[in-house]
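Student: Make a model of this:
(one chain, ligands or ions: 2)
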Amino acid sequence: MSLLEIRDLKAGYGALPVLGGISIDIEEGETAVLLGLNGAGKTTMVLTLAGLLKPSGGTITLGGEQIAGPDAKGKMRAKDPRDLVAKGVVLVPEGRRVFPQLTVAQNLRLGAWSYKKDRKGTRQVVEQAVEYFPRLRERWTQLAGTLSGGEQQMLAIARGMMARPKLLLIDEASLGLSPKLTLTVFEVAKRINQDGTTVFLVEQNAGVLDIADRVFVMEKGTIIYTKSRSEGAFDVGEVSEAYLGEAEKV
Ligand SMILES: Nc1ncnc2c1ncn2[C@@H]1O[C@H](COP(=O)(O)OP(=O)(O)OP(=O)(O)O)[C@@H](O)[C@H]1O
Ligand SMILES: [Mg+2]
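Tutor: Ligands and ions are numbered 1, 2, ... in the order given. Have a look, this model is predicted:
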């Protein structure tokens, strides 16, 4: 059984359909990557997985439990984001969202709110996060709004870690980062994965293939390419062609 089983998933905004029937699996313990151009529907996908957007059709199953899908009467039901966070599905959203008027430490503490009674556990997760991103320790009492863009992204990921995810969804963490910082973020994503969390990265940067166990390419709300590392090493040229092919034709 896969950790996440997505079948014929459809979602959109009002009358605008975006996801046109997605069927993919993500295995427990892997790093899965979703590549696609602007507007492909990547954010729509992770918003739906995190319970922030209700699907209009299909099913999502997490560890064997249906978390979105039709009820007995055929009406679509989906668990809300709080339920999903409690089940271990945590989204680091696009755009490095942090609380600008709060310090680094306060942002992290807020990320751990659901575990606030477990002080020892929270301390351990904080320690781990600052070990991943030592810069955050240096900026501990700085207001998050005054951090650099890259530091804000580190904080956003670290805050996601505070909720102790089973499945961590990260939406375009590399956007606007230097090549060096992008590499750091990908390396940390891999370490988070190796330390026991299933990771699903949405990206436009094909460099992420270095840390991927499975890759999906999305175009106009459908999956047009999928490959697992177990089928052999990724061919960056082949993946890039799948993902840039349409754009190159323009
Ligand atoms: N709140 C919204 N209301 C209406 N349409 C939306 C909304 N959010 C996204 N869309 C539309 O849905 C489509 C998919 O958008 P989405 O944000 O999922 O793409 P994306 O692959 O994440 O792109 P990017 O790489 O630019 O972040 C786009 O055509 C977009 O204009
Ligand atoms: Mg997006």
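Student: Need the contact partners of stretch 73-84.
Tutor: Contacts to stretch 73-84, defined as C-beta atoms under 8 Å, 6 or more residues apart in numbering, come from residues 48, 50-52, 54-57, 60, 62, 67-71, 87, 91. Where C-beta positions appear, they are placed from N, C-alpha and C, glycine not excepted.
Student: cool, stretch 184-194 as well?
Tutor: 29-31, 132-133, 153-154, 157, 161, 168, 170, 173-174, 177, 199, 201, 207-208, 210-211.
Student: and with 6 Å instead?
Tutor: With C-beta atoms under 6 Å, 6 or more residues apart in numbering as the test, stretch 184-194 has contacts from 31, 132, 173, 199, 208, 211.
Student: Kindly indicate which of those residues lies nearest Y243.
Tutor: Y243 has its nearest neighbour among the contacts of stretch 184-194 in V208, at 11.4 Å by C-beta to C-beta.
Student: part of a helix, is that closest one?
Tutor: Yes. V208: assigned to a helix according to DSSP: H, G, I helix; E, B strand; the rest coil.
Student: In this structure it contacts A32, no?
Tutor: No. Using C-beta atoms under 6 Å, V208 makes no contact with A32, being 10.5 Å away.
Student: CA-only coordinates of the helix or strand harbouring Q124 in CSV, if you can.
Tutor: Using DSSP states H and E, the element containing Q124 is helix 119-132. Taking Å, rounded to 0.1, in the frame of the first residue of the first chain, the C-alpha atoms of helix 119-132 are listed here in CSV:
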residue,chain,number,x,y,z
ARG,A,119,8.0,20.5,25.5
LYS,A,120,10.8,18.0,25.3
GLY,A,121,9.6,16.7,21.9
THR,A,122,9.3,20.3,20.7
ARG,A,123,12.8,21.1,21.9
GLN,A,124,14.2,18.1,20.0
VAL,A,125,12.4,19.1,16.8
VAL,A,126,13.7,22.7,17.1
GLU,A,127,17.2,21.4,17.7
GLN,A,128,16.9,19.3,14.5
ALA,A,129,15.6,22.2,12.5
VAL,A,130,18.4,24.5,13.5
GLU,A,131,20.9,21.7,12.8
TYR,A,132,19.5,21.6,9.3
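Student: In this protein, which residue is most central in space?
Tutor: L169 (1.7 Å; C-alpha atoms, centre = their mean).
Student: Please name the residues that touch that residue.
Tutor: 46, 91, 200.
Student: let's see it at 8 Å
Tutor: Contacts of L169 by C-beta under 8 Å, 6+ apart are 46, 49-50, 89-92, 200, 202.
Student: Look at the nearest residue to S228 once chain neighbours are set aside and report its pLDDT.
Tutor: Distance criterion C-beta to C-beta, 6 or more residues apart in numbering; nearest residue to S228, sequence neighbours excluded, is R214 at 4.7 Å. pLDDT for R214: 97.
Student: same deal with G237?
Tutor: 85.
Student: hmm, back to that, among the contacts of L169, which ones are in helices?
Tutor: Per DSSP state H, helices hold the following members of the contacts of L169: 46, 49.
Student: which among the contacts of L169 gets closest to ligand 1?
Tutor: V202 (6.8 Å; C-beta to the nearest ligand atom).
Student: can you pull out the helices in the protein?
Tutor: 42-49, 81-86, 104-111, 119-132, 134-138, 149-162, 179-194, 236-249.
Student: Using CSV, lay out those together with mean neighbour count and distance to K75.
Tutor: Output for the helices of the chain, formatted as CSV (neighbours: other C-beta atoms under 10 Å; distance: least, C-beta to C-beta, whole Å):
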stretch, mean neighbour count, distance to K75
helix 42-49, 24, 17
helix 81-86, 15, 18
helix 104-111, 20, 33
helix 119-132, 15, 38
helix 134-138, 15, 44
helix 149-162, 22, 31
helix 179-194, 18, 36
helix 236-249, 14, 36
